[in-house]
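K.L.:
Return a 3D structure for these sequence lines:
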Amino acid sequence: MEFDLDETLPERVAAIPGGASHILVDTGFFGVPRNLADLIGKVEDKGIRVLLVHPERNRDLCLSRHMLSGLIRSGVRLLGNIGSFSGMYGRKVKRDARELLKNGYYWAIASDMHSIDQVPWIRDGIDDLILLAGRSAAEDMMAIRPMQMVESMEGDR
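P.N.:
Numbering: from 1, shown residues only. This next block holds a predicted model:
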């Protein structure tokens, strides 16, 4: 489950029972808070790593590549949506996903699958990712990096 990115994010994260070492954050489809870096910084100051999910689905964020680059430099990891590569969210999102991949912005790729009906889109997205990035890089983004993160979180317990 991802947290919506708004002014209350730092307080909501602080209230997570048992703490957290990583959280998923969603910017939504439109708009980017002016103080995005500050909000994320307040979360990271609590020792929590931010994974910004499906940035390719936020048009304003995609148009602000310097903002994305700055977030990545600050330690934010971008988690792409595999359905975006198959066109599940439209041509513009597909184009933006491919552009973010080409420029090395993604740390990992996941499905964000909410229904069995999405399986063909996911399958096509995986095929497209392998074609664009190569099998080794695709496996790294879809399996190895996420598993390394899970393993590092097990040490937090």
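
K.L.:
Look at residue 51 and tell me its secondary structure.
P.N.:
What DSSP: H, G, I helix; E, B strand; the rest coil gives for residue 51 is strand.

K.L.:
Could I get the buried residue list for stretch 116-132?
P.N.:
118, 121, 122, 124, 125, 126, 128, 129, 130 (16 or more other C-beta atoms under 10 Å). For every residue, glycine as well, the C-beta is placed using N, CA and C.

K.L.:
In which helix or strand does the nearest residue to residue 42 once chain neighbours are set aside reside?
P.N.:
Closest residue to residue 42 apart from its sequence neighbours, by C-beta to C-beta, 6 or more residues apart in numbering: residue 10 at 4.0 Å. With elements taken from DSSP states H and E, the one containing residue 10 is helix 9-14.

K.L.:
avg pLDDT for stretch 92-106?
P.N.:
Mean per-residue pLDDT for stretch 92-106: 96.

K.L.:
ok now it, how far from the chain's centre?
P.N.:
12 Å (C-alpha atoms, centre = their mean, to the nearest Å).
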